[in-house]
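J.: Mind folding the following:
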Amino acid sequence: MAFTLKINGTPHEVDVDGDTPLLWVLRDVLGMTGTKFGCGQALCGACTVHLDGQPAIGQAPQGAALQKAWLELEVVQCGYCQSGQIMSAAALLKDTPKPTDDDIDAAMSGNVCRCGTYQRIRAAIKHAAGV
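T.: Down below sits the predicted model:
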């Protein structure tokens, strides 16, 4: 089936089976490898994306602040989960500009970091939010 996907403001024509997972369309068809395959069951958060008109993460104020905080606080260890972590954190800051620890824990509960950088992730979110 032919589909048009608008990704970060740019339309992309794809011809895939209707049941092809979005992750495979992004990675295998369009070559956009920022979104990761993790558990294969959408439970770990590595494949997190924004839907319905969200801008490119670095172009949104919250996204740019998060990327900067991630670097300044050296959140990343292996880096595999970070794209999903930042996507979830950006969604949190969009809806809750000054999150509490409980807000952060709830919003990030769907993202697994095997390196255990949860304290640095929380600190980076607070740093990006100016909390």
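J.: pLDDT weak spots in this structure?
T.: Low-confidence segments of the chain, defined by pLDDT under 70, span residues 53-55.
J.: which residue is nearest the middle of it?
T.: Residue closest to the average C-alpha location in the chain (C-alpha atoms, centre = their mean): Met87, at 2.2 Å.
J.: Return the residues in contact with that one.
T.: With contact taken as C-beta atoms under 8 Å, 6 or more residues apart in numbering, Met87 is in contact with Thr48, Val49, His50, Ile57. The way it works is simple: take the backbone N, C-alpha and C, and place the C-beta from them, glycine included.
J.: In which helix or strand does it reside?
T.: With elements delineated by DSSP states H and E, Met87 resides in helix 82-95, which encompasses its position.
J.: after that helix comes which helix or strand?
T.: helix 101-108.
J.: isn't Ile57 right up against Ala90?
T.: Yes: with contact defined as C-beta atoms under 8 Å, Ile57 and Ala90 form a contacting pair (5.8 Å).
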